[in-house]
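Q: Let me see the structure of the following:
(chains A and B)
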Amino acid sequence: MYNLLIYASGICGKKIYIYTRMHTRATLQLKMSNLPRELIVDILSRLPVKSLCRFKCVSKPWRTLISHPDFVKTHLHRAQFKRLILASNDSLYSIDHETSFENDVVAVALDYFPLDQNHQSYPIEMIGSCNGLLCLKPQPNTFFVFNPATHESARIPDAPTPYGFDHAILAHGFGYAPSIDDYKLVKAVNAPLVAVFSLKTSAWKLVEGFHYKKPTELWEGPLPCGTHLNGALHWVFKLCGGNECVIAAFDLETDTFRDMPVPAISVSGFSTGFLKGCLCLMDRDFGLRRRDIWVMKEYGVGKSWTKILVVDPCYVVKPLCLWKNSKILMAIDRNENELVLCNPKDGTCKNFEVVGISFRFYADTYVESLVSPKFSAIV
Amino acid sequence: MANGENQNPNPNPIEATPGAAARTITLKTADGEIFEVEEAVAMEFGTVKSFFEDDAVSATKPMPLPNVSGSALSRVITYCRRSLEIRSMIPPATSEDATAAEAVQGEGDLEAEKAAKQERKEFEAEFLKDESNEDVKELILAANYLNIKELLDFLCRSVALRIQNKSVEYARKFFGIEGDYTPEEEAQIRQEYAWAFEGVDED
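A: Next up is the predicted model:
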């Protein structure tokens, strides 16, 4: 059939379509073909979480696909939609990552976290953010794991005494161990054991190895939350029986501590953060006119500490993330309701008041994901 | 714009003369259209590239593309040609070491990259503007069959943007899926995700 077509058009020297039945059927079939599964998965993996939750209603196979751990991982891997989340006294707020920071920054309250409004006179603390899961402390001694994109939340059972009591806690952190695909909440007290909760086993256990003390007794501000990176949580402490600051890195796979050097001497320790895939520190010493931010370019290698920015303001900031790939967005560690945007090229900073929040807030970033906070979930 | 439309029955065989201008490859679609395409463009198609890398194959006969229609191939060729043009706006990195290349990259190169990015953005926005969902699906199938990674990525990205704020019914229609929930089951799951239905585009 096809040979006939070409021969005919050759003889006439111009384009002739002889519309045989076979021809039209073939083209019609091409047009009506549905997309193969792997292309559907590709397209779906690019959708925001809200769309995906809605599309669970398309059909039962789609619901199974969208809820499947492999798809959740594929979708997470794209990490397309990053958001800023703020926690204040009365609520959680989100700020769109598309915010230009030209004018006011507007925070939108999230109204779907199961907060007990009667008790909301305490600030909501944010312990950590991984893969779209946030660990929150909305009230004293109460911890939740929450996915702001899917609206799911789960309360973490109380830790064994004395780790269940806020006043005893020295530091805490929430992180993800990729090698065992587990999320963990870690709490340290003034004792050699830390309490670790695993989402997978939904149980607490006590592990040894905490040989540290607070860098300074004059600790101002919230409890240090470990910075999560490379499957480990990082805090800055002083070694017991010593006077030098050190980074305590808690490996979430092996549940062991490892020490890493800090870049310089500091009396009050450092604030930890995460920037461009690297651990980052900022000096907490008060009264300094300039504050350096250090980035550990090679993980674990003391020599790779690099100063990246000299900041003007004399308050302590926590680096949040890179904004539009060039500036550094930071939160202020004090009684302010502002965000700071820094230009690393010249070290200048600009403050932005966040409209819509009246109290101080904690800030963190999260990526939209389908990861479920419900533990003991059937994987 | 000439797309290498209908040729006489004996298209010039690919010249083996070195230094010959713009070698072409001949492709034949499912509906019998013949396309003569510049080699550089045709080699963007993974399927064509492997076909001609096979030594046993003669370069003189047209390569059959039984899964692609003429209209789809025409659009695909347009995309790949433009894409190659835009890519040639960026000077290639000469150094093996990526970090060294970054350090050496001058202001001029960065400007060129920015300009190329902008061109690509504008071109891609225009490319699918008037295409129906059916046409876009046909293009996806063609890009998939021809193994053109960049085009496929762009098309999937565009479809995701098209459907992300649409209703469940729209998604079913687009992908040709029949809903298989019972009315009670559907009501229940819609209730569970009620928040996800807010602000959805009208069908």
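
Q: I'd like to know how many residues surround A:Pro160.
A: 11 (other Cβ atoms under 10 Å in any protein chain shown). (C-beta placed from N, C-alpha, C; glycine too.)

Q: hang on, it packs against A:Ala203?
A: No. Counting by Cβ atoms under 8 Å, A:Pro160 sits too far from A:Ala203 to count as a contact (10.3 Å).

Q: For chain B, which segments count as strands?
A: For chain B, the strands identified by DSSP state E occupy B:24-29, B:34-38, B:63-65, in order along the chain.

Q: Among those strands, single out whichever gets nearest to A:Val145.
A: Between A:Val145 and these, the tightest spacing by Cβ to Cβ is seen for strand B:63-65, at 51.3 Å.

Q: Make a markdown table from the strands of chain B and add distance to A:Gly356, mean neighbour count and mean pLDDT to it.
A: Written out in a markdown table, the entries for the strands of chain B read as follows (distance: least, Cβ to Cβ, whole Å; neighbours: other Cβ atoms under 10 Å in any protein chain shown; pLDDT from 0 to 100):
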| stretch | distance to A:Gly356 | mean neighbour count | mean pLDDT |
| --- | --- | --- | --- |
| strand B:24-29 | 57 | 22 | 88 |
| strand B:34-38 | 56 | 21 | 91 |
| strand B:63-65 | 56 | 18 | 88 |
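
Q: which one's the longest helix in chain B?
A: For chain B, the helix that runs over the most residues, judged by DSSP state H, is helix B:107-127.

Q: by contact count, what packs against that helix?
A: In terms of contacts (3 or more Cβ pairs under 8 Å, 6 or more residues apart in numbering or on different chains; DSSP states H and E), helix B:107-127 is packed against helix B:70-87.

Q: Where does pLDDT dip in the stretch 101-250 of chain A?
A: Along the stretch 101-250 of chain A, the parts satisfying pLDDT under 70 run over A:101-104, A:114-121, A:217-222.

Q: Contact residues of it facing chain B?
A: A:Tyr112, A:His151 (Cβ under 8 Å from any Cβ of the partner chain).

Q: Just give the nearest non-adjacent residue to B:Leu128, would you?
A: With sequence-adjacent residues excluded and distances taken as Cβ to Cβ, 6 or more residues apart in numbering or on different chains, B:Leu128 is closest to B:Ser158, at 5.4 Å.

Q: Figure out which of the strands of chain B is closest to A:Pro148.
A: Go through the strands of chain B one by one with Cβ to Cβ and the one that ends up closest to A:Pro148 is strand B:63-65, at 46.8 Å.

Q: Tell me which residues are up against that closest one.
A: Residues outside strand B:63-65 that contact it (Cβ atoms under 8 Å, 6 or more residues apart in numbering or on different chains) are B:25-30, B:47-48, B:51-52, B:73, B:145-146.

Q: near chain A, which of those residues show up?
A: Restricting the contacts of strand B:63-65 to those near chain A by Cβ under 8 Å from any Cβ leaves B:Lys28, B:Ala30.

Q: so which of the contacts of strand B:63-65 comes closest to chain A?
A: Of all these, the one sitting nearest chain A is B:Ala30; the distance, using Cβ to the nearest Cβ, is 5.4 Å.

Q: which element is A:Asn351 on?
A: Applying DSSP states H and E as the criterion places A:Asn351 in strand A:348-355.

Q: just checking, what packs against that strand?
A: Other helices and strands packing on strand A:348-355, by 3+ Cβ pairs under 8 Å, 6+ apart, are strand A:105-106, strand A:338-343.

Q: Measure how that strand sits relative to strand A:338-343, angle-wise.
A: With axes from the mean of the first three to the mean of the last three Cα atoms, to 10 degrees as the basis, strand A:348-355 and strand A:338-343 are set at 150 degrees to each other.

Q: Determine how far strand A:348-355 lies from the middle of the whole chain.
A: Distance of strand A:348-355 from its chain centroid, counting by Cα atoms, centre = their mean, to the nearest Å, is 22 Å.

Q: Just name whatever secondary elements the next helix or strand along the chain from that strand is in contact with.
A: Once the chain leaves strand A:348-355, the next helix or strand it forms, by DSSP H and E, is strand A:362-367. If contacts are counted by 3+ Cβ pairs under 8 Å, 6+ apart, strand A:362-367 sits against strand A:82-87, strand A:125-130, strand A:133-139, strand A:317-323.

Q: quick one: contacts for the residue nearest to B:Leu128?
A: B:Glu124, B:Leu128, B:Val136.

Q: Reformat these as TSV; add neighbour count and pLDDT.
A: TSV is the format used below for the contacts of B:Ser158 (neighbours: other Cβ atoms under 10 Å in any protein chain shown; pLDDT from 0 to 100):
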residue	neighbour count	pLDDT
B:Glu124	18	91
B:Leu128	19	91
B:Val136	18	94
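
Q: Quickly name whichever of those residues is closest to B:Gln191.
A: Top of the list for closeness to B:Gln191, among the contacts of B:Ser158 and by Cβ to Cβ, is B:Val136 at 32.7 Å.

Q: Show me the shaky parts of chain B.
A: When residues are selected by pLDDT under 70, those of chain B lie in B:1-22, B:55-60, B:93-107.

Q: Helices along that one, start to end?
A: Going by DSSP H, chain B shows helices at B:39-42, B:46-53, B:70-87, B:98-104, B:107-127, B:133-146, B:149-163, B:168-175, B:183-192.

Q: buried residues in the longest one?
A: Pointing back at helix B:107-127 there. Residues of helix B:107-127 classed as buried by neighbour count (16 or more other Cβ atoms under 10 Å in any protein chain shown): B:Ala116, B:Arg120, B:Glu124, B:Phe127.

Q: Relative to chain A, which of those residues is nearest.
A: Each of the buried residues of helix B:107-127 was scored against chain A by Cβ to the nearest Cβ, and B:Glu124 proved nearest at 14.8 Å.

Q: can you pull the contacts of that closest one?
A: Shown here is B:Glu124, whose contacts under the criterion Cβ under 8 Å, 6+ apart are B:Phe154, B:Ser158.

Q: give me that answer again for 6 Å
A: B:Phe154 (Cβ atoms under 6 Å, 6 or more residues apart in numbering or on different chains).

Q: Equivalent analysis for B:Ala160, please.
A: A:Ile43, A:Arg46, A:Leu47.

Q: I'd assumed B:Arg157 was in contact with the first one.
A: The one in question is A:Ile43. No. Contact status for A:Ile43 versus B:Arg157: not in contact, 8.5 Å apart, counting by Cβ atoms under 6 Å.

Q: Which of these two has more residues huddled nearby?
A: More crowded of A:Ile43 and B:Arg157, by other Cβ under 10 Å: A:Ile43, with 21 against 14.

Q: Give me the phi and psi angles of the more buried one.
A: Backbone dihedrals for A:Ile43, given as degrees, to the nearest 10, come out at phi -60, psi -50.

Q: measure it to B:Gln164 for me?
A: In this structure, A:Ile43 and B:Gln164 are 10 Å apart, going by Cβ to Cβ, to the nearest Å.

Q: do A:Val236 as well
A: Separation of A:Val236 from B:Gln164 (Cβ to Cβ) stands at 42 Å.

Q: These two: which has the busier surroundings?
A: Comparing A:Val236 with B:Gln164 by neighbour count (other Cβ under 10 Å), the higher total belongs to A:Val236, at 25 against 19.

Q: Show me what the more buried one is bridged to.
A: Beta-bridge partners recorded for A:Val236 (DSSP bridges): A:Ile247.

Q: Surely it and A:Gly273 touch.
A: No. Contact status for A:Val236 versus A:Gly273: not in contact, 11.0 Å apart, counting by Cβ under 6 Å.

Q: any shared contact partners between these two?
A: Counting by Cβ under 6 Å, 6+ apart, A:Val236 and A:Gly273 have no common neighbour.

Q: hmm, back to that, now the helices and strands packed on strand A:348-355 in TSV, with distance to A:Glu353 and mean neighbour count?
A: Putting these into TSV (distance: least, Cβ to Cβ, whole Å; neighbours: other Cβ atoms under 10 Å in any protein chain shown) gives the following:
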stretch	distance to A:Glu353	mean neighbour count
strand A:105-106	7	17
strand A:338-343	5	20
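
Q: so what's the residue positioned nearest the centre of chain B up against?
A: Within chain B, the residue whose C-alpha comes closest to the C-alpha centroid is B:Leu151; the distance, by Cα atoms, centre = their mean, is 2.5 Å. Residues counted as contacts of B:Leu151 (Cβ under 6 Å, 6+ apart) are B:Tyr79, B:Ala143.
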